[in-house]
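[1] dropping the sequence and predicted coords here.
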Amino acid sequence: MMQLPPPPPAYEAPAPERSVATQDDLRVAAALTEARVRVDSSFSGASIVLYGAVFNPSDRPADVVVVVRGPDAPVRLVRKTRNLGVWLNSRPVLFEGAPGFYMTASTRPLSDIADFGQLRRLGVGVDHLRIDAPEEASTVTRYGVRDVVISRLGEDYLDWRRAVIRLREAAALYNTDPDGVQFVDKGLFRAEVELPTVAPTGQYFAEVWLFQDGAPVSVSNLTLTVEKVGFERDLYEFAHRSPWLYGILCVLLAAFTGWAASRIFRRN
């Protein structure tokens, strides 16, 4: 009987270089369960899980902060003012740089994770959200200095800014959850991103910050796309591509609907 040659010696694959190179680094890595959300007529919101891992070679604790920001959208505000006993709308104020969606989730309150300066520099948290004031400005003379440029909102800017945040929070577009990041195992964490029905479409950006001793030490950047699909997308693109034709068709459709209703429900 023919004897088979002995099997070759087992080959032990070396460990990946990335694992060896980063085993002593403090860093965070994250991902999304879904990177694309499709919006159609039956869309009633979406819940997306953001998960990740913290590589911490030391025994010093670290905090995770998740920031999700949607596409910027203009916000038009008016204020009710009373003139001669009549309530009237003031001159509208248009904010150009307010994000259409903004969410923060963290392992504990942001004020316990980092100081005011760090959060303001990174733009982390609703209180530190960058919202551009209207570009309209005026020049005044203050303390003997001429041509001082100020926003036309003046000292009322903070009140208008708070109004923007309050309206977005009421629509569930702005949210702050100080306990939104939870560790499910040693170094493994998860957070949920809740998109409401009125969430704007476009490109979303997620930042996962790792803080230690009040300072940011690592960040992981992710993207999320919210897009219209089906007939809603075709109608949306047609309305923006040919606004005049879209308006004419809407008027004709409304007129036809009124005529048809009058014929159906007319009295004999």
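    Received it, and whenever you're ready, just let me know what you need.

[2] skipping its backbone neighbours, what lies nearest the spatially most central residue of the chain in space?
    With distances taken as Cα atoms, centre = their mean, residue 69 lies nearest the centre of the chain, 2.1 Å away. Spatial nearest neighbour of residue 69, excluding adjacent residues (Cβ to Cβ, 6 or more residues apart in numbering): residue 99 at 4.9 Å. C-beta here means a position set from N, CA and C on the backbone, and glycine is covered the same way.

[3] show me what contacts the one you found?
    69-73, 129 (Cβ atoms under 8 Å, 6 or more residues apart in numbering).

[4] ok, the residues you listed vs residue 181, which is closest?
    Nearest to residue 181 among those, counting by Cβ to Cβ, is residue 69 at 16.5 Å.

[5] surely the closest one and residue 203 touch.
    No. The criterion here is Cβ atoms under 8 Å, and residue 69 misses it with residue 203 at 9.8 Å.

[6] helices or strands up against the longest strand seen in the chain?
    As assigned by DSSP state E, the longest strand anywhere in the chain is strand 215-228. Using 3 or more Cβ pairs under 8 Å, 6 or more residues apart in numbering; DSSP states H and E, the elements in contact with strand 215-228 are strand 27-32, strand 36-39, strand 46-55, helix 116-122, strand 202-212.

[7] that one vs strand 27-32, what angle?
    With axes from the mean of the first three to the mean of the last three Cα atoms, to 10 degrees defining the directions, strand 215-228 sits at 10 degrees from strand 27-32.

[8] give the buried residues for strand 215-228.
    Within strand 215-228, the residues that count as buried by 16 or more other Cβ atoms under 10 Å are 216, 218, 220, 222, 224, 226, 228.

[9] now it: average pLDDT?
    Mean per-residue pLDDT for strand 215-228: 90.

[10] kindly report the same for stretch 194-205.
    For stretch 194-205, mean pLDDT rounds to 90.

[11] first residue to last residue on it, what's the distance there?
    Distance between the two ends of stretch 194-205: 14 Å, counting by Cα to Cα, to the nearest Å.

[12] give me the contact list for that stretch.
    So stretch 194-205 is in contact with 37, 39, 43-48, 68-71, 73, 100-101, 103, 171-173, 175, 221-228, going by Cβ under 8 Å, 6+ apart.

[13] tell me how far stretch 204-218 is from the chain's mean position?
    16 Å (Cα atoms, centre = their mean, to the nearest Å).

[14] if I look at residue 261, how far off is residue 252?
    15 Å (Cβ to Cβ, to the nearest Å).

[15] low pLDDT regions in the stretch 1-150 of the chain?
    1-24, 80-82, 84-85, 87-91, 132-150 (pLDDT under 70).

[16] residue ranges for the helices of it, please.
    17-22, 110-113, 116-122 (DSSP state H, counting those that start in this stretch).

[17] how close does residue 127 get to residue 119?
    Distance from residue 127 to residue 119, by Cβ to Cβ: 8 Å.

[18] how about residue 32?
    Where residue 119 is concerned, residue 32 sits at a distance of 24 Å (Cβ to Cβ).

[19] isn't residue 28 up against residue 216?
    No. Between residue 28 and residue 216 there is no contact, the gap being 10.1 Å when judged by Cβ under 8 Å.

[20] re earlier: strand partners of the longest strand of the chain, parallel vs antiparallel please.
    strand 36-39 (parallel), strand 202-212 (antiparallel) (DSSP bridges).
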